[in-house]
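> everything below, folded, please.
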Amino acid sequence: MEYFKITVGAIGWTLEALGVLVIVIGSVIAIARFVRRWRLDDEDGQAYREFRVRLGRSILVGLEFLIAGDIIRTVVVDQTLEGLGGLAIIIFLRILLSFSLFLEIEGRWPWQPPPDRPSS
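Numbers count the residues shown, from 1 in each chain. Predicted coordinates for the structure are as follows:
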């Protein structure tokens, strides 16, 4: 059982590391594209809007990996009431951040249909 906990703990840490990596790499790519586009032509501010969307999407994907890693480590490795309470707070804050980022990027809530698609 101890080997299982160590393995699952390592998987949780790996997922969290991937989340951080996604955020960092996505941020670097978003910044590089912004600078390139901004230097070429940005009379209408489109470069900044695209930068915000790219950065927000990389943060959203990274948050998903971070949440998955937290869940795995807390449920399997840290089976205490304190660990569960901490996990609940972390997940709540990350989900709140995810919703606000989605709203900022897409201009709608996740459960609303895209503007080009009629609701059923």
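> going forward, measure contacts between C-alpha atoms and count neighbours the same way
Noted.
> list the buried residues in the helix or strand of the chain with the lowest mean pLDDT.
In the chain, the helix or strand scored least confidently by mean pLDDT, DSSP states H and E is helix 81-106, which has a mean of 84. Going by neighbour count (16 or more other C-alpha atoms under 10 Å), the buried part of helix 81-106 is 87, 90, 91, 94, 95, 98, 99, 100, 101, 102, 105.
> likewise stretch 30-38?
Within stretch 30-38, the residues that count as buried by 16+ other C-alpha under 10 Å are 30, 31, 33, 34, 37, 38.
> again, but for stretch 104-117
Taking 16+ other C-alpha under 10 Å as the criterion, stretch 104-117 shows residue 105 as buried.
> kindly report the same for stretch 10-26.
Result for stretch 10-26 [16+ other C-alpha under 10 Å]: buried residues 10-13, 15-20, 22-24, 26.
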